[in-house]
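Q: Could you look at this predicted model? Sequence included:
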Amino acid sequence: MGVLNVTPDSFSDGGRWLDPAIAVAHGTRMHRDGADIVDVGGESTRPGAQRISIDEELDRVVPVVAGLVAASVPVSVDTMRPGVAQAALDAGACLVNDVSGGRADDGMLPWLATVDVPYIAMHWRGPSDVMASLATYDDVVAEVVAELQQRLDALSEAGVDLARVVVDPGIGFAKEADHNWMLLRELAQIQALGHPVLVGASRKRFLGSLLADGSGQPRPVEQRDYATDAITALAAGAGAWGVRVHDVRGGRDAVAVAAAWRAGQQI
């Protein structure tokens, strides 16, 4: 899954793809480089980010989704709002990626019951501007698994077909670095929920701190792709359904290596 943020303030690529024509060109290039799906998001969820209006999100997202679909690129929409999700589906998107797992908008789950598309439910404890204060766990793996199960139960109660639900442990969302590493190490416990698992670790802050220089300065965002590729290879080797990355070519190579390693032969 290639990341395409059409925002001015995303932590990695904010402001680079605001122009719809430039965004469509970049998304098309990611697809050509091997992204199975391009994930278009119009609202930043970086730590500290503030919510934007639905009209602003629609203005950013819909033209890009429509342009990519016209170029025969499979598209998902990264949104917490059912109104934006519906507009993106109307423009040709084929998947909804909701980092709140339906918690940010009470209308999301009832709306999902009326459509028939895959849905990614991420572990989420609260909005970006307060999520750092929510990163408190006694047992991060057990609690994330339990809270994801609660979302699955809520989806089922709302009438959503769970056969089309993917789960995401929410790397970096209300998580400190050690929480992220523990969740990645214990990915099998997330998979034990019985649903495909998406891993989204690309370029995130915990990688910057891992790769900090001798003075403790985190590795710059644009220099975290090799570490991201390592996580991609390990996640693919562990059987993750998908990875969400900024550098598609490196990620695709990592997936190819993991597939050959698991099979014991070139795939």
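A: Cool, the structure landed.

Q: Val77: what's it in contact with?
A: If a contact means CB atoms under 8 Å, 6 or more residues apart in numbering, then Val77 has 39-41, 61, 65, 84-85, 88-89, 93, 95-97 as its contacts. Bear in mind the C-beta positions are built from the backbone N, C-alpha and C, glycine included.

Q: If any of those are buried, put those into a ChimeraX selection.
A: Of the contacts of Val77, the buried ones go into a single ChimeraX selection, burial set by 16 or more other CB atoms under 10 Å:
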select :39,40,41,61,65,84,85,88,89,93,95,96,97
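
Q: What about the contacts of Val77, which are in strands?
A: Among the contacts of Val77, the ones falling in strands (DSSP state E) are 39-41, 95-97.

Q: Tell me the one of those nearest Val130?
A: Gly41 (19.7 Å; CB to CB).

Q: Any figure for the gap between that closest one and Ile120?
A: 12 Å (CB to CB, to the nearest Å).

Q: Would you mind grabbing the residues shared as contacts by those two?
A: Asn97.

Q: measure Ala21 to Gly27 for me?
A: 11 Å.

Q: The two - which one has more neighbours?
A: Gly27 (26 against 11; other CB atoms under 10 Å).

Q: isn't that one right next to Ser72, touching?
A: No. The pair Gly27 and Ser72 fails to qualify as a contact (CB atoms under 8 Å) at a distance of 11.3 Å.

Q: For the nearest residue to Met131 once chain neighbours are set aside, pull up the helix or strand it's in.
A: Sequence neighbours aside, Ala174 is the residue nearest to Met131 in space, at 4.3 Å (criterion: CB to CB, 6 or more residues apart in numbering). According to DSSP states H and E, Ala174 maps onto no helix or strand at all.

Q: For Trp241, see how far away Ala174 is.
A: Relative to Trp241, and taking CB to CB, Ala174 is found at 22 Å.

Q: Check Arg29 too.
A: As judged by CB to CB, Arg29 and Trp241 stand 24 Å apart.

Q: can you tell me which residues contact Ala163?
A: With CB under 8 Å, 6+ apart, Ala163 has no contacts at all.

Q: which residues do Ala21 and Gly27 both contact?
A: What both Ala21 and Gly27 touch, as defined by CB under 8 Å, 6+ apart, is the set Gly67.

Q: What's the per-residue pLDDT of Asp13 here?
A: What the model reports for Asp13 is a pLDDT of 64.

Q: where in this structure is pLDDT low?
A: For the chain, the stretches with pLDDT under 70 are 9-15.
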